[in-house]
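Enquirer: starting from these lines, generate the structure:
(one chain, ligands or ions: 1)
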Amino acid sequence: MESKRTTVRDLRRHNRSALLSKLFFDGPLSRHELSSLTGLSAATVSNVTGELIEERLIVEAGLIDSDGGRPRVLLRVDPHYGHVIGIDVGETGVKVELFDLAMTALATVDHPLPSVRPDPATVVAQLASGLREVIAQTGVDEASIIGVGIGVPGAVEQGAAGADLVRVHAPTIGWDAVPFGRLLRDAGITLPLYFENGAKTQGQAEMWFGAGRGCGHAVIALLGSGVGAAVITDGNTYRGATSSAGEWGHTTIAYGGRACRCGAKGCLEAYVGAESILDRYRQARGGRAVSGADEHASLDALIAAAGRSKTAARVLQETAGYLGAGIANLINLFNPERIVLGGWAGLALGTKLLPDIRAAAQEHAMRHA
Ligand SMILES: [Zn+2]
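Expert: Predicted coordinates:
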């Protein structure tokens, strides 16, 4: 009997999860639409949504006309049922945002980090104070916070016993097996925590809400100061044996080439990361740096200079070539339906260079892929 009870419970859980996910990502929807989108019977949809309404996880959200019949009631996840917090530990700062369940940002806190190689204790202090600030600003009850998702640089080794045993390995900024979960607990944070590599979290966000929607196989390629990627196969992020898969920026594009922050030579990041593009431009101009208060401004200045400067145009053409070849490697390895070019530097370069990047990718990739 025990195994039968488990089966029934699993099925119920599965149905609840399927309907809630549909409503979260694609709501508001009618019961009729839920049934055709999930393949669950009308009776099951009616039962389960009844339960979810009773628990106040979902609410009615108006009516929609049906062809000739009675108007249908629309359902959606109740935005006020709970809250979630997202944290991005980036190269230049820590951003903390508190959302309701309609993903409306209710409070945002940005803390700059003093160094490009911040020590973990500084990051933990900024995380903990950012968390307290968004909670104080919104006045929400801590018990209503369902979870805190934290994107960090480097590889995240998920602990078998949950977030408290998570370890972060980020050699480019000098982090070696940093126990972030435990450090945040020591700083007095008791909320449920979920850690993931920052490129993987951005990739997941593109798949849920952005340019990757509707794709089963995709690669989200991210260019900032550094370079990363999230590889999605069959709808799931590919992690590998110890969660370090997707380090596209540190695949070799030129054997024995330029020195990379990771310690190796010739990595893709050493050619197409914003820091490296600016460095290549400086070298091409005999050591004269491009103007700009920070990397964003300098890269914009370089892109703007391409119209009048042959050197700037050549550096950007080469960048498109390296990036296209790197993308061709992704195409040949993973056979994705779509590659999304993102990250602040990716967006800046894409505006100007997308046709050249496409051409270079096509030239280097296997034709049928
Ligand atoms: Zn590298």
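Enquirer: which residues of this protein lie near the ion?
Expert: His250, Cys260, Cys262, Ala264, Cys267 (C-beta under 5 Å from the ion). C-beta here means a position set from N, CA and C on the backbone, and glycine is covered the same way.
Enquirer: one more time with 8 Å
Expert: Taking C-beta under 8 Å from the ion as the measure of proximity, the chain contacts the ion at Thr172, Gly249, His250, Cys260, Arg261, Cys262, Gly263, Ala264, Cys267, Leu268, Glu269, Ala270.
Enquirer: restricted to buried residues, select those residues in ChimeraX.
Expert: Selection of buried members from these for ChimeraX, criterion 16 or more other C-beta atoms under 10 Å:
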select :172,249,250,260,261,262,267,268,269,270
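Enquirer: which pair in the residues of the chain next to the ion has the greatest spatial separation?
Expert: Using C-beta to C-beta, the residues of the chain next to the ion reach their maximum pairwise distance at Gly263 and Leu268, which is 14.8 Å.
Enquirer: pLDDT weak spots in the stretch 151-300 of the chain?
Expert: Residue ranges of the stretch 151-300 of the chain with pLDDT under 70: 160-163.
Enquirer: next, count neighbours for whichever residue of the stretch 1-150 of the chain sits closest to the ion.
Expert: Of all residues in the stretch 1-150 of the chain, Glu91 sits closest to the ion, at 14.9 Å by C-beta to the ion. Using other C-beta atoms under 10 Å, Glu91 has 18 other residues around it.
Enquirer: pretty sure it contacts Leu222?
Expert: No. In this structure Glu91 lies outside contact range of Leu222 using C-beta atoms under 8 Å: 11.6 Å.
Enquirer: where do the strands sit along the stretch 151-300 of the chain?
Expert: 155-157, 167-170, 175-178, 193-197, 218-223, 227-233, 236-237 (DSSP state E, counting those that start in this stretch).
Enquirer: okay if I get those as a markdown table plus mean neighbour count?
Expert: Below are the strands of the stretch 151-300 of the chain laid out as a markdown table (neighbours: other C-beta atoms under 10 Å):
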| stretch | mean neighbour count |
| --- | --- |
| strand 155-157 | 21 |
| strand 167-170 | 20 |
| strand 175-178 | 16 |
| strand 193-197 | 22 |
| strand 218-223 | 27 |
| strand 227-233 | 26 |
| strand 236-237 | 16 |
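Enquirer: dump those into a markdown table; add distance to Ile357 as well.
Expert: A markdown table is the format used below for these (distance: least, C-beta to C-beta, whole Å):
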| stretch | distance to Ile357 |
| --- | --- |
| strand 155-157 | 27 |
| strand 167-170 | 27 |
| strand 175-178 | 31 |
| strand 193-197 | 24 |
| strand 218-223 | 10 |
| strand 227-233 | 14 |
| strand 236-237 | 24 |
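Enquirer: ok, which of the ones you listed comes nearest Ala297?
Expert: Nearest of the strands of the stretch 151-300 of the chain (C-beta to C-beta): strand 218-223, 16.3 Å.
Enquirer: contacts made by that closest one with the rest, please.
Expert: Under the contact criterion C-beta atoms under 8 Å, 6 or more residues apart in numbering, strand 218-223 has outside partners 199, 202-203, 206-207, 212, 227-232, 248, 272-274, 323, 326-327, 330, 334, 336-346, 349.
Enquirer: what subset of the residues you listed is buried?
Expert: 199, 202-203, 206-207, 212, 227-232, 248, 272-274, 323, 326-327, 330, 334, 336, 338-346, 349.
Enquirer: restricted to helices, list those residues.
Expert: 199, 202-203, 206-207, 272, 274, 323, 326-327, 330, 334, 344-346, 349 (DSSP state H).
Enquirer: and which of those is nearest Leu34?
Expert: Distances from Leu34 to those, taken by C-beta to C-beta, are shortest for Met207, at 21.2 Å.
Enquirer: just give the nearest non-adjacent residue to whatever residue of the stretch 51-200 of the chain ends up closest to the ion, would you?
Expert: Nearest to the ion in the stretch 51-200 of the chain, going by C-beta to the ion, is Thr172, at a distance of 7.4 Å. Spatial nearest neighbour of Thr172, chain neighbours left out: Arg261 (4.4 Å); criterion: C-beta to C-beta, 6 or more residues apart in numbering.
Enquirer: tell me who's in contact with that neighbour.
Expert: Counted by C-beta under 8 Å, 6+ apart, Arg261 has contacts Thr172, Gly226, Glu269, Ala270.
Enquirer: Val340 too?
Expert: So Val340 contacts Glu206, Gly210, Ala211, Gly212, Ala218, Val219, Ile220, Ala221 (C-beta under 8 Å, 6+ apart).
Enquirer: roughly how far does the nearest residue to the first one once chain neighbours are set aside sit from Leu323?
Expert: Think Glu206. In this structure, Glu206 finds its nearest non-sequential neighbour in Gly212, 4.3 Å apart by C-beta to C-beta, 6+ apart. Gly212 sits 19 Å away from Leu323, going by C-beta to C-beta, to the nearest Å.
Enquirer: and if you look at Pro118?
Expert: Counting by C-beta to C-beta, the gap from Pro118 to Leu323 is 28 Å.
Enquirer: could you do Thr172 as well?
Expert: Relative to Leu323, and taking C-beta to C-beta, Thr172 is found at 19 Å.
Enquirer: for stretch 48-55, what is the distance to the chain centroid?
Expert: 31 Å (C-alpha atoms, centre = their mean, to the nearest Å).
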